[in-house]
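Participant: Okay, sequence plus prediction incoming.
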Amino acid sequence: MTCQTDLFKLDSRLVDQNQRLLQHLNTGRTCSRETNQLLSEIFGYQLDPTNEIRLPFHTDYGRNIKLGKNIFINCNVTMIDIGTIKIGDDVIIGPDTTLLTTYYSTSKKKPIVIGENVNIGGHVTILPGVTIGPRAIIIAGSVVTTDIEKNVTVSGNPAHIIKEGNK
């Protein structure tokens with residue numbers, strides 16, 4: 001069954017290549033240097049050596065993900081990067097977190113922007129079009145549906161401010 005929307009008319013060559021690389025990365029035994037090389041191929045640029053991405057890791061294209069420096073992405077993170085995902089320096093993303101840049105039901109893609117020094121707990125879902133301000137903390141299990149201000153802690157579904165003034 002094929003979908004008729006433009007959103008799903010992905011560059012099949014790029015998606016196929018990415019899926020082969022991810023399969024090798026996530027199921028093979030690779031050393032850290034080989035892991036970084038495979039991730040660099042997926043992202044389309046050299047991964048900064050200060051970044052660490054634990055496996056398994058999942059993405060559509062990979063090419064629409066822009067990472068800063070000193071980023072830690074824990075295991076089983078999924079980034080649906082049909083739209084752009086930009087992550088600033090010094091960000092931590094917990095396990096089983098999902099970043100979605102599209103609402104599949106409406107065929108619209110919207111970027112996700114994560115500022116510097118953000119801490120995202122495990123099992124967090126970030127919806128399309130969300131911007132997270134610098135020094136924000138997203139508590140585990142939260143669903144982020146709207147922009148998050150800088151220097152706040154949020155929790156819940158939908159995520160709401162529980163503390164202001166993070167340093």
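Facilitator: Thanks, I have it.
Participant: Gly28: neighbour count?
Facilitator: Using other CB atoms under 10 Å, Gly28 is surrounded by 11 other residues. The C-beta positions use only the backbone N, C-alpha and C, and glycine is treated the same way.
Participant: That one and Leu38, how far apart?
Facilitator: Computed as CB to CB, to the nearest Å, the Gly28 to Leu38 distance reads 9 Å.
Participant: do His160 as well
Facilitator: Counting by CB to CB, the gap from His160 to Leu38 is 38 Å.
Participant: Quickly note the distance from the residue lying closest to Arg63 once chain neighbours are set aside to Ile65.
Facilitator: Closest residue to Arg63 apart from its sequence neighbours, by CB to CB, 6 or more residues apart in numbering: Gly44 at 4.5 Å. Distance, Gly44 to Ile65, by CB to CB: 9 Å.
Participant: more neighbours, those two?
Facilitator: Ile65 (22 against 14).
Participant: residues contacting that one?
Facilitator: Contact partners of Ile65, counting by CB atoms under 8 Å, 6 or more residues apart in numbering, are Phe43, Thr59, Met79, Asp81, Thr84, Ile85, Ile87.
Participant: again, only this time at 10 Å
Facilitator: Going by CB atoms under 10 Å, 6 or more residues apart in numbering, Ile65 touches 39, 42-45, 59, 79, 81, 84-87, 99, 101, 112.
Participant: quick one: the residue nearest to Arg63 and Gly68, what's the gap?
Facilitator: 16 Å.
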